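K.L.:
quick one, fold the following:
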Amino acid sequence: MAEIVKVKNVKKNFGKFQALSDVTFTVEAGEVVGFIGPNGAGKSTTIRVLLGIINRQAGEATIFGKDVWKDSLEIHKRISYVPGDVALWGSLTGGEIIDLFMKLHGGGDHEKKKYLIRRFELDPKKKAKSYSKGNRQKVGLIAALSVHSDLYIFDEPTSGLDPLMEAVFQEEVEKLKHAGKAILLSSHILSEVERLADRVVIIRKGRIVETGTLKDLRHLTRSTVTVETKKDLSPLAELKGVHDFQQKEGNSAIFSVDAPFINEILLEATKLDVKKFESVPPTLEDLFMRHYEGD
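P.N.:
As a prediction, the model looks like this:
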């Protein structure tokens, strides 16, 4: 796949405060990269660097092979961006604002615009000043999805949307991915990232602390095992790789297991006449909290 976004050893200071330190990741065509971290971790600062809004102190940041600061005007012709709080002109209608955004971008697909207005259940005739936060987000999303772009940058895009509209957004992102577009998705909704992302980049205090596919990252933390046997299962508690063993009523227990030991534990459990053995891999939230416990 073609490399669309390249960020390498990017640093950014605000006075004495180091907001970004050696941030490195890529986004390729046809993939969704989930960019996650709590408020203040450096997500929005990184995105502002990519958009050419602020300049970095050091490192390399390119989109389509062009420098994000020097070539920002050229780059913006081929990207769509939706922030977490879309600001609109209150005296214009939603439909007028969508048309304006599309015109500023250089055109777009008006049939797709109509389709998206129906899908997101937006009333385009209402003045923007009467819109709720969720409806303001819909205007930004419809405008961004109605134009032809090669890179889509979403920074908390579903903020204020109800679960039904979140699902609509997720379906549209999957269509973009299948069309070969590159998507950088920053979101607090970890289930959304888990569903959409091919790769995950976790940022903590301005540094990238984890990056990879969910499959890769799941090897770094523990699965949760629930087991029920006919024989006494207490010997399982002594096995290597078993943690937080909790025996329940009868011969049942729940515990966490380091990924490399799951097969060995299953083999030992079969000697106890297994009635139930369930292994649940760690969620993205588990991976996330692994890096933020104690903060």
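K.L.:
how about the helices in the stretch 1-150 of the chain?
P.N.:
Along the stretch 1-150 of the chain, the segments classed as helices by DSSP state H, counting those that start in this stretch run 43-50, 72-76, 94-105, 110-119, 133-145.
K.L.:
one more: the stretch 151-295 of the chain?
P.N.:
Using DSSP H, counting those that start in this stretch, the helices assigned to the stretch 151-295 of the chain run over residues 163-178, 190-196, 214-218, 262-270, 284-292.
K.L.:
the residue nearest in space to the middle of the chain pairs with what?
P.N.:
Nearest to the geometric centre of the chain sits Gly34, at 2.9 Å (C-alpha atoms, centre = their mean). Applying DSSP bridges to Gly34 gives these bridge partners: Leu185, Val200.
K.L.:
and the helices of the stretch 1-150 of the chain: which comes nearest Leu184?
P.N.:
helix 43-50 (7.5 Å; C-beta to C-beta). For the C-beta atoms, the positions are set from N, CA and C on the backbone; glycine is no exception.
K.L.:
pLDDT weak spots in the stretch 101-250 of the chain?
P.N.:
218-221 (pLDDT under 70).
K.L.:
with just CA atoms, put stretch 131-149 into CSV.
P.N.:
What follows is stretch 131-149 as a C-alpha-only set of coordinates in CSV (Å, rounded to 0.1, in the frame of the first residue of the first chain):
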residue,chain,number,x,y,z
TYR,A,131,-28.5,23.2,15.7
SER,A,132,-27.5,21.0,18.6
LYS,A,133,-23.8,19.9,18.9
GLY,A,134,-24.7,16.6,17.3
ASN,A,135,-26.3,18.4,14.3
ARG,A,136,-23.2,20.7,13.9
GLN,A,137,-21.1,17.5,13.8
LYS,A,138,-23.4,16.1,11.1
VAL,A,139,-22.8,19.2,8.9
GLY,A,140,-19.0,18.8,9.2
LEU,A,141,-19.2,15.1,8.5
ILE,A,142,-21.6,15.4,5.5
ALA,A,143,-19.4,18.2,4.0
ALA,A,144,-16.2,16.1,4.5
LEU,A,145,-17.7,12.9,3.1
SER,A,146,-19.2,14.6,0.1
VAL,A,147,-16.0,15.8,-1.5
HIS,A,148,-13.3,13.7,-3.2
SER,A,149,-10.3,13.3,-0.9
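K.L.:
tell me the buried residues in it?
P.N.:
By neighbour count on 16 or more other C-beta atoms under 10 Å, the buried set for stretch 131-149 is 131, 135-147, 149.
K.L.:
let's have the helices of the stretch 151-295 of the chain in JSON lines, adding mean neighbour count and distance to Glu249.
P.N.:
Output for the helices of the stretch 151-295 of the chain, formatted as JSON lines (neighbours: other C-beta atoms under 10 Å; distance: least, C-beta to C-beta, whole Å):
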{"stretch": "helix 163-178", "mean neighbour count": "16", "distance to Glu249": "36"}
{"stretch": "helix 190-196", "mean neighbour count": "18", "distance to Glu249": "31"}
{"stretch": "helix 214-218", "mean neighbour count": "15", "distance to Glu249": "30"}
{"stretch": "helix 262-270", "mean neighbour count": "15", "distance to Glu249": "18"}
{"stretch": "helix 284-292", "mean neighbour count": "17", "distance to Glu249": "26"}
